[in-house]
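# quick check, what structure comes out for this input:
(chains A and B)
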Amino acid sequence: MSIAKILEIALKTGRVTRKYPYEPPLLTSEFRGAVRIDPSKCWGCGACVKICPPNALALRNSGKEATLEYFVGRCIFCGMCAEVCPAKAIEVTKEFELSSTSLENLKSRVIHRLTRCSSCGSLVWTEAELKSVVKSSPIAEEYAVLCPKCRKSKFARAASIRIGVGSE
Amino acid sequence: MKDEVRTIVEKIGGVVEEVKKSEIYVRIPQQTVRTAARLLYDSEAYFKTCVGVDEREVNGFYTIYHIFGLDSQGVDIVLKVLVPEEDPQTSSIVSEVPAADWCELEIQDLLGIKFGGRLTKRLVLPEDWPDGVYPLRKEFRYDEKPSRVIREELHEEAGIPVGPYHPALHEPEYFELYVEGEKVVDVAYRGFHVHRGIEKLAESPRFTYKQVPFLAERICGICGFVHSTCYIMAVEKAADIETPERAEFIRSIVLEVERLHSHLLWIGVAAHLLGYDAGFMHAWRIREHVMVLAEYLTGSRKTYGINVIGGVRKDLNVDKIDKTMKTIAQVREEFKKLADALLSIPQIKSRAVGTGVLTKSEARALSVVGPVARASGLYRDVRKDYPYLAYGRVSFRVPLYTEGDNLARLLVRVEEVFESIEIVKQLVDLLPGGSVVVEEYDIPPGRKAVAAIEAPRGEDVHFVITGLGRPYRWRVRAPTYQNIPALRAMLRGTPLADAPLTIASIDPCFSCTDRVLVVDIETGRKSFIKLVRGG
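Residues are numbered from 1 along each chain as shown, chains lettered A, B, ... in the order given. Predicted structure coming up:
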């Protein structure tokens, strides 16, 4: 009897649904949810923005500050940003209960102060990136605070003085 | 090149442009394309798809690639036809190869190449799209929005379109069944309501090679991993990137896990359509184990997101292997009982036996794929015919039925569930060590490759021409694209009550709730009936 067969399965299985949200959700240890950006670690380099497939991350430059914005409404939870982040500032959380009545709640921002070239005053990049570069590579700070153009000309001048050509 | 293949290629004539391990590109003049297609179709080649490419920047022509799969030899023969820019016309091969119907119309819509010697109509573009604007031409920007053209009298029959255009349905499509009393006499299909221009998007500056897998994964909500793997395989083939063996095994394991979930989903839906909701719920309960396993292996229940060019992002460890073995053993045991119960119900048998029959010759002419082909007596399985990834290393059976009815398609899928479980077991046993991804690779522009994967619904084909930083052209042919035209043959002459099950029996990948417009030929009365399936 076919009905007896399915009854047997049903009786043996019992109830399988959970009383979510009154019980914890069924998540495995590998689950990927929304990402969180640690503002104290982020440099504002933009590597995450470049890799993000749905453009959930954006970097805007107002001239005074650079803003890294994460819009969870576009996020596909692939976690590629965390993988490419050189500062290890992005963490993939297990958060998935993300709905909200306001669009603003779906956005989070990291605001970076920008530095200017000490010689010509044009924009270099974020202070945080400058600090991390000085910390991690053998570059003198007087060079690091220059924009690439001024840095080049300063280097050329110094080199020419040393080898004694083109000096006025 | 094997001798058998060489003979066929020599008979076709034309210039052999490129010979690769599993692909041969032959350039032929427009005048002989029809005879060449006939010859290939008679030499047991199946038609995979055709691709239109705007290659004017490269060689000054529009190019059409007709991809034929010589299943018995595991080789794709690609006919390349050049179409001049000033006179974009070529001859159609539909009279020889009926399966080429849709892709020719698609090329005509998107690239503006006219096909002589066949009936033409608009297939992909919406009715309000202006004439003479062809989105796949390179001068058309990916984010361009041409102004709408309001056309009067779009439909011959007056009426307010309700149902298929319903805003709440995310994958709508539209069938018109013409009935005499209770018998279906003809079927008209109108699809592509959700054409998203993904192929155009992937070749736009908005995307890079590394990002496209995530886009590809979103082509389908059920078998997304198939698409991302297939895209990556095509790119890796084109650029000769050697993927680590371990990555290939992991991809194969995840592909089979995906097949398990897809088949269990379909079996549940089929039970539901037959009015057997207890079976539906139990099939989906069993499927839930597979979903949890998928999340544990990849990080997500669906759209796994672990595929990158050169390998995978997540490795397997002892715990994951252990969980995989436990889950598939449990699924096997529970599914066996359920399949037993399901197939012993006399009402299910009587609803499925002899309904929606697709004969072998019709199946052959339309080059149908997957369980639909295997239920109609065609021995076709990409995993066997063109062994890819780790499938050459495992042994499994390909279920084959000759009846071609709904029951045969149900049985093929039921048996494939057990075969998939066996494949996963073997793959886990054979899993080699080593790394799972190569970081360093180079993708030179101008290379071509065809990749195919056996998706749960049949053969999925991706064709890639590499460009700078992103694909120059990326063509996707999902299995349902090949199978929907077969519905016409299946539905003709069947009672109306069997139509929902028959439409669902090809496991179409388009909609959660379908609606069918029924037109009674004698009275002209119209009514909607509801179809349900997952999509």
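# let me know the secondary structure of residue B:262.
At residue B:262, secondary structure determined by DSSP: H, G, I helix; E, B strand; the rest coil is helix.
# what do you get for residue B:204?
coil.
# list the contacts of the nearest residue to it once chain neighbours are set aside.
Spatial nearest neighbour of residue B:204, excluding adjacent residues (C-beta to C-beta, 6 or more residues apart in numbering or on different chains): residue B:142 at 3.5 Å. C-betas here are computed from N, CA, C, even on glycine. Residues in contact with residue B:142, defined by C-beta atoms under 8 Å, 6 or more residues apart in numbering or on different chains, are B:197, B:200-201, B:203-204, B:206.
# how about a cut-off of 7 Å?
B:200-201, B:204, B:206 (C-beta atoms under 7 Å, 6 or more residues apart in numbering or on different chains).
# just among those, which is most surrounded?
Counting neighbours by other C-beta atoms under 10 Å in any protein chain shown, residue B:200 leads the contacts of residue B:142 with 19 neighbours.
# my guess is that one contacts residue B:134, does it?
No - counting by C-beta atoms under 7 Å, residue B:200 does not reach residue B:134; the two are 10.7 Å apart.
# look at the residue nearest to residue B:130 when sequence neighbours are not counted and report its pLDDT.
Excluding the flanking residues, the one nearest residue B:130 by C-beta to C-beta, 6+ apart is residue B:149, at 4.7 Å. On pLDDT, residue B:149 comes in at 87.
# what's the burial count for residue B:149?
12.
# got the phi and psi for it?
Main-chain torsions, residue B:149, degrees, to the nearest 10: phi -110, psi 120.
# which residues sit in contact with the residue in the stretch 351-500 of chain B positioned nearest to chain A?
For the stretch 351-500 of chain B, the residue closest to chain A is residue B:437, as judged by C-beta to the nearest C-beta, at 10.9 Å. Listed by C-beta under 7 Å, 6+ apart, the contact set of residue B:437 reads B:244, B:247, B:308, B:310-312.
# could you give the bridge partners of it?
residue B:311 (DSSP bridges).
# what do you get for residue B:178?
Here residue B:178, judged by DSSP bridges, has bridge partners residue B:186, residue B:519.
# wait, it sits on residue B:186?
Yes - if you go by C-beta under 7 Å, residue B:178 and residue B:186 touch, sitting 4.3 Å apart.
# those two: which is more packed in?
residue B:178 (17 against 14).
# just the helices from the stretch 101-250 of chain B, written as ranges.
Ranges of helices within the stretch 101-250 of chain B are B:101-111, B:198-202, B:212-217, B:224-239, B:245-273, based on DSSP state H, counting those that start in this stretch.
# out of those helices, which is closest to residue B:444?
When those are compared by C-beta to C-beta, helix B:224-239 sits nearest residue B:444, at 6.5 Å.
# distance from the closest one to the middle of the chain?
Relative to the centre of its chain, helix B:224-239 is centred 14 Å away, using C-alpha atoms, centre = their mean, to the nearest Å.
# and stretch A:21-38, by the same measure?
On C-alpha atoms, centre = their mean, the centre of stretch A:21-38 falls 19 Å from that of its chain.
# same thing with stretch B:431-441?
29 Å.
# for stretch A:154-165, same thing?
On C-alpha atoms, centre = their mean, the centre of stretch A:154-165 falls 40 Å from that of its chain.
# state the mean pLDDT of it.
82.
# just the CA atoms of the lengthiest helix in chain A, as CSV, please.
Counting by DSSP state H, the longest helix found in chain A is helix A:148-163. Extracted in CSV, the C-alpha atoms of helix A:148-163 (Å, rounded to 0.1, in the frame of the first residue of the first chain):
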residue,chain,number,x,y,z
PRO,A,148,54.2,61.3,-7.7
LYS,A,149,55.0,64.3,-9.9
CYS,A,150,56.9,66.3,-7.3
ARG,A,151,58.5,63.1,-6.0
LYS,A,152,59.9,62.4,-9.4
SER,A,153,61.3,65.9,-9.9
LYS,A,154,62.7,66.0,-6.4
PHE,A,155,64.4,62.7,-7.1
ALA,A,156,65.8,63.9,-10.4
ARG,A,157,67.1,67.0,-8.8
ALA,A,158,68.8,65.1,-6.0
ALA,A,159,70.3,62.6,-8.5
SER,A,160,71.6,65.3,-10.8
ILE,A,161,73.2,67.2,-8.0
ARG,A,162,74.9,63.9,-6.9
ILE,A,163,76.3,63.1,-10.4
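# who in chain A is up against chain B?
Applying C-beta under 7 Å from any C-beta of the partner chain, we find that chain A lies next to chain B at A:2, A:5-6, A:9, A:13, A:16, A:26, A:28, A:30-32, A:51, A:53, A:76-78.
# out of those, which is most surrounded?
That'd be residue A:78 among the residues of chain A next to chain B, by other C-beta under 10 Å, with 27 neighbours.
# which ones are touching that one?
By C-beta under 7 Å, 6+ apart, the neighbours of residue A:78 are A:53, B:214, B:305.
# low-confidence ranges, chain B, go.
Low-confidence segments of chain B, defined by pLDDT under 70: B:152-173, B:509-535.
# for it, what lies in contact range of chain A?
B:210-211, B:214-215, B:278, B:282, B:285, B:292, B:295-296, B:299-300, B:303, B:305, B:337-338, B:340-341, B:344-345.
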